[in-house]
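Q: Provided below are the primary sequence and the corresponding predicted coordinates.
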Amino acid sequence: MLTPQEILKKVRELEIKSKRLTRHLFTGEYHSAFKGRGMAFREVREYSPGDDVRFIDWNVSARFNHPFSKLFEEERELTVMLLVDVSGSSLFGTVKGRKKDLITEICAVLAFSAVNNNDKVGLIFFSDKMEKYIPPKKGRDHVLHMVRDLLVTEPSHRKTD
């Protein structure tokens, strides 16, 4: 069992490591699959029949001598739910580390990435039953609480369904 000081140290290490990874792996924001009249400008493309004439980009059209339309993207807030298997198999590992350690690291990277994009993130621990539910919220403090729980949560059941 980890002492409170060891838990804090491990949480800080994971935060630093995950920040570095999120900067390199998840640059940019999430893009919506919904294109239309959203708030964020996405790109200019050649005008297609049926495009709304209100969104013709007259400056670009004048430059290229044929019509171009502005395309917008809806910005949507995502809710990320992490589901973590805390059954007995999570304690499997080698000298380099256990599955639980890798799971914690991956969850930290995903959670900090979500928070950096101003999204909500939540967590569900399960074995052969749901062990613990942490509702989705925004913010660094919430993610730090989740990482601490990932480090210390012990399941009441060791089986996997």
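A: That came in fine, so what should we check first? Residues are numbered from 1 along each chain as shown.
Q: can you map out the strands along this structure?
A: 35-36, 40-46, 68-73, 79-85, 93-94, 97-98, 120-126, 130-137 (DSSP state E).
Q: Can you give me the distance of the residue nearest the centre of the chain to residue 108?
A: When C-alpha atoms, centre = their mean is applied to the chain, the residue found nearest the centroid is residue 114 (3.3 Å). Distance of residue 114 to residue 108, computed by C-beta to C-beta, to the nearest Å: 11 Å. Where C-beta positions appear, they are placed from N, C-alpha and C, glycine not excepted.
Q: cool, and residue 118?
A: 18 Å.
Q: For these two, work out which one has more neighbours and name it.
A: More crowded of residue 118 and residue 108, by other C-beta atoms under 10 Å: residue 108, with 26 against 12.
Q: isn't that one right up against residue 15?
A: Yes. Counting by C-beta atoms under 8 Å, residue 15 is a contact partner of residue 108 at 7.1 Å.
Q: Find residues that contact each of those two.
A: Common contact partners of residue 108 and residue 15 (C-beta atoms under 8 Å, 6 or more residues apart in numbering): 143, 147.
Q: Just name the shakiest helix or strand of this structure by mean pLDDT.
A: Lowest by mean pLDDT, DSSP states H and E among the helices and strands of the chain is strand 35-36, with a mean of 50.
Q: List the contacts of residue 93.
A: Residues counted as contacts of residue 93 (C-beta under 8 Å, 6+ apart) are 99, 100, 101.
Q: Which ones among those map onto helices?
A: Within those, residues falling in helices by DSSP state H are 99, 100, 101.
Q: quick revisit: which of the strands of the chain has the lowest average pLDDT?
A: Within the strands of the chain, confidence is poorest for strand 35-36, with a mean of 50 (mean pLDDT).
Q: Which pLDDT value does the model give residue 59?
A: Reported pLDDT for residue 59: 95.
Q: how much space between it and residue 48?
A: According to C-beta to C-beta, residue 59 and residue 48 sit 19 Å apart.
Q: Repeat that for residue 106.
A: The spacing between residue 106 and residue 48, counted by C-beta to C-beta, is 42 Å.
Q: the more surrounded of these two?
A: Set residue 106 next to residue 48 and count neighbours by other C-beta under 10 Å: residue 106 wins out with 15 against 8.
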